[in-house]
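J.: Predicted model, plus sequence, below.
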Amino acid sequence: MLTRSSLSRRRFFGRAAAAFGTVLLAGCDSLSRSEWFPKVLATGEDVNRAAQRLLGGRRSMAQEFNESDLSPEFRSNGTASPNNARYQALAAGGFADYRLEVSGLIDNPRAFSLAELRALPSRTQVTRHDCVEGWSAIGKWKGAKFSALLDAVGAKPQARYVVFHCADPMEADGTGFYYESIDMDDAHHVQTILAYDLNDRALPIKNGAPVRLRVERQLGYKHAKYVMRIELVESFDKIAGGMGGYWEDQGYEWYAGI
Ligand SMILES: Nc1nc2c(c(=O)[nH]1)N[C@H]1C(S)=C(S)[C@@H](COP(=O)(O)O)O[C@H]1N2
Ligand SMILES: [Mo]
């Protein structure tokens, strides 16, 4: 079983960052403080950014596994079924009327049906999902390569981030939708996909149907479920709390990975 400390050690102190042991020492202090969680992420973020610069960019791959490693059950976390009438109507119709809207700093604003997403070049990958709450699960994901979707809409040069707007409201009054964002490096990364299948079946509602982001080098909360709208932007200034994600607006790190 993974403990929190082994999980964070593996995420932040492993792989590429292991080569930079002396840099890591500065961060050890923060582990003993009471507000350890954002601190650990902050430490990981700084260390990993430094490591990435030294290694010449973020081309590293997240580890991939074999089908024999699959978790018997891929649990659900956070929202398990969006409390949203429009979403529930789409789900009742088997998502036949679902359209993924893509807008913002692109040449060809358009909406994709599920069939159109399934027709884009795809990638299948068996990866480990690590949630900051201290659990992990290995799943087999299939989805549209995000780079292919970007090619289809034509990202403008000013676009710096991709924002994923989700169907699930986080406030009791039905507002404050979950959202997340990634930069263009991650958007073009080969393991970044809009997943529509989990373990060879249509993505279940509890795991984000009809499509959810997989951005494999980052922690669980970056993997937006129930994606309804994608927006390319230059900054987060006009989006919700301005920090690039629902959890980021509450103080979590925006870059949550290696
Ligand atoms: N829209 C949306 N996306 C979300 C969440 C959520 O509550 N709503 N939870 C996040 C967190 S914290 C985790 S760990 C994963 C959980 O994915 P799962 O339900 O497939 O296990 O989804 C992430 N994406
Ligand atoms: Mo999570």
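T.: Perfect, thanks for sending it. Ligands and ions are numbered 1, 2, ... in the order given.

J.: Now for Q250, how many residues are close by?
T.: 11 (other Cβ atoms under 10 Å). All C-beta spots, glycine's among them, are computed from the backbone N, C-alpha and C.

J.: For it, grab phi and psi.
T.: Dihedral pair for Q250: phi -90, psi 0, per degrees, to the nearest 10.

J.: how far away is it from A92?
T.: Counting by Cβ to Cβ, to the nearest Å, the gap between Q250 and A92 amounts to 32 Å.

J.: Please list all residues in contact with the residue of the chain found nearest ligand 1.
T.: Per Cβ to the nearest ligand atom, G78 is where the chain lies closest to ligand 1, at 2.2 Å. Taking Cβ atoms under 8 Å, 6 or more residues apart in numbering, we find G78 in contact with D168, Y178, Y221, K225.

J.: what about the residue nearest to the third one when sequence neighbours are not counted, neighbour count?
T.: Same thing as Y221. Nearest residue to Y221, sequence neighbours excluded (Cβ to Cβ, 6 or more residues apart in numbering): W247, at 4.9 Å. Using other Cβ under 10 Å, W247 is surrounded by 22 other residues.

J.: With F164 instead?
T.: 25.

J.: Then A92?
T.: 10.

J.: And it, what's its pLDDT?
T.: A92 carries a pLDDT value of 98.

J.: Phi first, then psi, for it.
T.: phi -60, psi -30.

J.: before we move on, what about the one 3 residues further on?
T.: Its backbone dihedrals place F95 at phi 60, psi 20, with angles given as degrees, to the nearest 10.

J.: Same question for Y246.
T.: phi -60, psi -50.

J.: what's near enough to touch the closest residue to ligand 2 within the stretch 1-150 of the chain?
T.: Using Cβ to the ion, the single residue of the stretch 1-150 of the chain nearest to ligand 2 is C131, 3.3 Å away. C131 sits next to N77, L219, G220, Y221 when contact means Cβ under 8 Å, 6+ apart.

J.: For G174, which residues are in contact?
T.: N83, N84 are the contacts of G174 under Cβ under 8 Å, 6+ apart.

J.: sorry, back to before: tell me the spacing between the residue of the stretch 1-150 of the chain closest to ligand 2 and A240.
T.: 22 Å.

J.: Please, where are all the helices along the chain?
T.: 4-13, 21-31, 36-55, 85-92, 114-119, 146-153, 184-188, 246-249 (DSSP state H).

J.: hey, least reliable of these by pLDDT?
T.: Out of the helices of the chain, helix 21-31 stands lowest, with a mean of 34 (criterion: mean pLDDT).

J.: ok, for the residue nearest the centre of the chain, nearest residue in space, not its chain neighbours?
T.: For the chain, the residue nearest the mean C-alpha position is H223 (2.5 Å; Cα atoms, centre = their mean). Computed as Cβ to Cβ, 6+ apart, the closest residue to H223 that is not its neighbour in sequence is L213, at 5.3 Å.

J.: Please write out the alpha-carbon positions of stretch 125-140 in PDB.
T.: The C-alpha coordinates for stretch 125-140 follow below in PDB (Å, rounded to 0.1, in the frame of the first residue of the first chain):
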ATOM      1  CA  GLN A 125      -1.900   4.000 -22.100                       C
ATOM      2  CA  VAL A 126      -1.800   2.100 -18.800                       C
ATOM      3  CA  THR A 127      -0.800   4.600 -16.100                       C
ATOM      4  CA  ARG A 128      -1.000   5.200 -12.400                       C
ATOM      5  CA  HIS A 129      -3.200   7.900 -11.100                       C
ATOM      6  CA  ASP A 130      -2.000   9.500  -7.800                       C
ATOM      7  CA  CYS A 131      -4.400  11.500  -5.700                       C
ATOM      8  CA  VAL A 132      -3.100  13.800  -3.100                       C
ATOM      9  CA  GLU A 133      -5.500  12.200  -0.600                       C
ATOM     10  CA  GLY A 134      -3.200   9.300  -0.500                       C
ATOM     11  CA  TRP A 135      -4.400   6.700  -2.900                       C
ATOM     12  CA  SER A 136      -3.300   5.500  -6.400                       C
ATOM     13  CA  ALA A 137      -4.900   3.300  -9.100                       C
ATOM     14  CA  ILE A 138      -3.700   1.900 -12.300                       C
ATOM     15  CA  GLY A 139      -6.000   2.200 -15.300                       C
ATOM     16  CA  LYS A 140      -6.000   1.700 -19.000                       C
END
